[in-house]
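>>> with the input below, show me the fold.
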Amino acid sequence: MNFFSQKFLTSAVGLIALLAVIIIVNFVAANLYFRWDITEAKTYSLTDGTKKMLSDLDQDVTLKLFYSSSLRGQPSQIKAFAGRVKDLLKEYENASKGSVKVEVLDPKLDSDEEEWALKYGLKRVGFSSDPTADGYFYFGIVAEALDQNAALPIVDISRERYLEYDVSQLIYQVLNPQKKTIGVISSLPITGTDKDDMYGRNSKGVNQPWIIVNELKRNYVVKNIKPDSPVNLDGVDILLVVHPKAWPDETMIAIDQYVMKGGKVIFFVDPLCTADRDEHSPIMPFGASDANVLFEKWGFSVDPEKVVADLDHPTILSSQSGGQEKNPLWISASGECFNGSEIMTAQLDRMLLPLTGAIIKKQDAKTTLTPLVSTSLSASLIAKTEVFQEASDLRMNFNSDVKNYPMVAKVSGQFESAYQGMTNLLSYSESDNTIVVFADVDVLCDQYNIRTVGFMGMQAYQPLNNNYTLILNAINQLSGDQNLIAIRARDSYERPFTVVQDLEKKAQNEWLSKEQALSQQYENLQRQLFELQQQKDDSQRMIISPEQEKKIKEFQNQRQQIARELKQVRKNLNRDKEKLGFYLKLFNIALVPAIVCLIGIFLAIRHQYRVKQR
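Next comes the predicted model:
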């Protein structure tokens, strides 16, 4: 074999070997799933609650993603979102170690996939901007296990932060298809009454269940439990304890032991419940509830003698004098009041809490108290004997505690019984448990939550706030696995440029201070001109005096100076942003390639050195 034949053969073998290596690497890369999440909040990783739920699966589950990937005219953000959804489902498949299988289906027009999507109840959307596009857009998830299935009809991009919870709940639903039973034990006629019932106060308007109960009956079995009779909580999945008021010890023991055995409870207590009116007590017309006999042992309390006032979130009410006033005792919660990290409250924007109490954590608490809805820092506890004064008087004498008071909270951990030492009773909860506490009962009342409207000859209900939404969210989350409760909302996929935000905030503060200075100077000028005008006699009122002309000229000069300073503030902001952008470009364009080149030069020098050593 001559030299050229040998060289050709060597090159051909090397080329074939290189192609083989490329094919193997691509095959391994396509089938080996690995991702390293280095984000601060672990945005791309499953929470421990989901991982624990997946590790405990005793049945195989199939997750089917119906996504119209071939449909033309999709917005770019939808395509990017679909990629993140696929990655999330792949995380489920990887973490389950074979128990979860993921299928991605493209339901094209008149295809078998589209027929299945419709059978599963998935929503279809005709949003394509391409007039030549055929078919509808589908984007839903179906979970299947044995002969059961559950569907997420459409994957909403606005709920991306909560998608992990939605998928985990979907898996839980398909493995637990039976309806849950909600027990309601109350001192109020929340489930409706008969005329001869213990709650029957009149024969008109009392007998109908409250709207929230009718909402619950759509998805749950609702069981009414009377607090003054022997309480049987067998078969109850979630217990609503509403306005506990001088209940028998046997009833409180039953609730305590229900929690010890792992039962999920939502408490509604209130220092002043407007739904519990006592017409024979004009001094204190509203009743109070108290469950501190349980709460104190569980690491917190709700003072039945105090309500919380919030100056930053008042509600406009009619005053005793006939006008309107902002009443800080009727709290219209919004914005920062809601815990954005919790699934229950992350998407809420407004609630009404009339004469609500505050949930106070004890110093030696062994449980974990997570605020869901809190006051602003401009809040204080007010004795309930003072709540009937004019709101203007209340604000005048108000002293803020500079503290966020929780009005709704989640309490988790191991619970200690309030009745330790009694025979045949558990002293501690058998495992970690979770309850939710509302320091207000009136959040359940129809009059504060819905408006009745006529629609095509029928009555319809229009929600006024998110009170019912939070209650339903809490029930929905507590009705699932304990691991579901631990799932928190994911951090946003969009990372804000905090350095630029800080620069803009600093410039805005400087801008506002200079604007305020200009306004103050203008007010001073107006006052000085008025004083000079008053010193004139009637014949000179229409003539500008030299003193007035001088003051006006001084103000104009000062205004021009401040305008120049405001312009300089804008210039400084733009300059700082441009400087920051320059350094980032230098890092991305020059620094990283320079480091790569230095590494390459180092390796080349090292290689030459080794060759010389041989």
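
>>> and the residue nearest to the spatial centre of the chain, what is it in contact with?
Note on the chain: the residue nearest the mean C-alpha position is A346, at 0.7 Å, using Cα atoms, centre = their mean. Residues in contact with A346 (Cβ atoms under 8 Å, 6 or more residues apart in numbering) are R161, Y162, F338, N339, G340, A489. For glycine as for every other residue, the C-beta is placed from the backbone atoms N, C-alpha and C.

>>> residues touching the fourth one, list them.
So the one you mean is N339. Per Cβ under 8 Å, 6+ apart, neighbours of N339: T345, A346, T370, P371, L372, V373, S374.

>>> correct me if wrong: the last one contacts K403.
So that's S374. No - counting by Cβ atoms under 8 Å, S374 stays clear of K403, with 9.4 Å between them.

>>> one step back: mind telling me what element the residue nearest to the centre of the chain is part of?
A346 belongs to no helix or strand when assigned by DSSP states H and E.

>>> mind listing the helices for the stretch 401-550 of the chain?
With helices called from DSSP state H, counting those that start in this stretch, the stretch 401-550 of the chain shows them at 446-449, 467-478, 482-485, 498-534, 546-585.

>>> buried sites along the first one?
Buried residues in helix 446-449, counting neighbours by 16 or more other Cβ atoms under 10 Å, are found at Y448, N449.

>>> mind checking the SS state of the nearest residue to D290 once chain neighbours are set aside?
Excluding its sequence neighbours, the residue lying closest to D290 (Cβ to Cβ, 6 or more residues apart in numbering) is P304, at 4.5 Å. Secondary structure, DSSP: H, G, I helix; E, B strand; the rest coil: P304 is coil.

>>> any idea how far L372 is from P304?
Distance of P304 to L372, given as Cβ to Cβ, to the nearest Å: 21 Å.

>>> between those two, which has more neighbouring residues?
Set P304 next to L372 and count neighbours by other Cβ atoms under 10 Å: L372 wins out with 24 against 18.

>>> show me what contacts I601?
Contacts of I601 by Cβ under 8 Å, 6+ apart: none found.

>>> that one belongs to a helix, doesn't it?
Yes - when three-state DSSP is applied, I601 is found to be in a helix.

>>> any idea how far it is from H607?
Taken as Cβ to Cβ, the span from I601 to H607 is 11 Å.

>>> swap in Q389?
From Q389 over to H607 (counting by Cβ to Cβ), the distance is 87 Å.

>>> ok, those two, which is more surrounded?
For Q389 versus H607, neighbours defined as other Cβ under 10 Å are more numerous around Q389 (13 against 10).

>>> S374 and K403: who's more crowded?
Neighbour count, other Cβ under 10 Å: between S374 and K403, S374 has more, with 24 against 15.

>>> what stretches of the stretch 51-200 of the chain score poorly on pLDDT?
Applying pLDDT under 70 to the stretch 51-200 of the chain flags residues 127-134, 193-200.

>>> hang on, the earlier thing: and the helices of the stretch 401-550 of the chain, which one's lowest on average pLDDT?
Ranked by mean pLDDT, the helices of the stretch 401-550 of the chain end with helix 498-534 at the bottom, a mean of 61.

>>> that older thread, and the pLDDT for the residue nearest to D290?
94.

>>> so what's the nearest residue to V242 once chain neighbours are set aside up against?
Distance criterion Cβ to Cβ, 6+ apart; nearest residue to V242, sequence neighbours excluded, is S186 at 3.6 Å. By Cβ under 8 Å, 6+ apart, S186 lies in contact with P227, L240, V241, V242, H243.

>>> as JSON lines, the residues you listed with neighbour count, pLDDT and secondary structure would be great.
JSON lines is the format used below for the contacts of S186 (neighbours: other Cβ atoms under 10 Å; pLDDT from 0 to 100; DSSP: H, G, I helix; E, B strand; the rest coil):
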{"residue": "P227", "neighbour count": "22", "pLDDT": "93", "secondary structure": "coil"}
{"residue": "L240", "neighbour count": "27", "pLDDT": "97", "secondary structure": "strand"}
{"residue": "V241", "neighbour count": "27", "pLDDT": "97", "secondary structure": "strand"}
{"residue": "V242", "neighbour count": "25", "pLDDT": "97", "secondary structure": "strand"}
{"residue": "H243", "neighbour count": "26", "pLDDT": "96", "secondary structure": "coil"}
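
>>> quick check: the two most widely separated of those residues?
P227 and L240 (12.0 Å; Cβ to Cβ).

>>> so what sits against both of those two?
Common neighbours of P227 and L240 (Cβ under 8 Å, 6+ apart) are I185, S186.

>>> my read: the residue nearest to D290 touches G357, true?
Yes - the pair P304 / G357 is scored as a contact, 7.4 Å apart, by Cβ under 8 Å.

>>> joint contacts of those two?
What both P304 and G357 touch, as defined by Cβ under 8 Å, 6+ apart, is the set V269, P271.

>>> the residue nearest to D290 and R277, how far apart?
17 Å.

>>> which stretches of the stretch 201-350 of the chain have low pLDDT?
201-207, 279-283, 320-322.

>>> and E103, what does it touch?
Shown in contact with E103 (Cβ under 8 Å, 6+ apart): T62, L63, K64, L65.

>>> list the strands paired with the helix or strand containing it, with their directions.
Assigned by DSSP H and E, E103 falls within strand 100-105. Sheet pairing of strand 100-105 (DSSP bridges) gives strand 61-67 (parallel).

>>> tilt between the helix or strand that the strand it pairs with is followed by and strand 100-105?
Moving toward the C-terminus from strand 61-67, the next helix or strand (DSSP H and E) is helix 76-95. Helix 76-95 runs at 150 degrees relative to strand 100-105, counting by axes from the mean of the first three to the mean of the last three Cα atoms, to 10 degrees.

>>> can you tell me how far the residue lying closest to T356 once chain neighbours are set aside is from L381?
Distance criterion Cβ to Cβ, 6+ apart; nearest residue to T356, sequence neighbours excluded, is D440 at 3.8 Å. Distance of D440 to L381, given as Cβ to Cβ: 14 Å.

>>> got it, and F300?
Applying Cβ to Cβ, the value for F300 to L381 is 15 Å.

>>> roughly how far does Q59 sit from Q613?
63 Å.

>>> domain assignment for this structure?
The chain is divided into the following domains under automatic domain parsing: 48-175, 181-485, 498-613.

>>> quick one, which of those is nearest to L19?
Proximity to L19 (Cβ to Cβ) singles out domain 498-613 among those, at 25.3 Å.

>>> all helices of the stretch 201-350 of the chain, in order?
Under the criterion DSSP H, counting those that start in this stretch, helices of the stretch 201-350 of the chain are mapped to 211-216, 249-260, 292-295.
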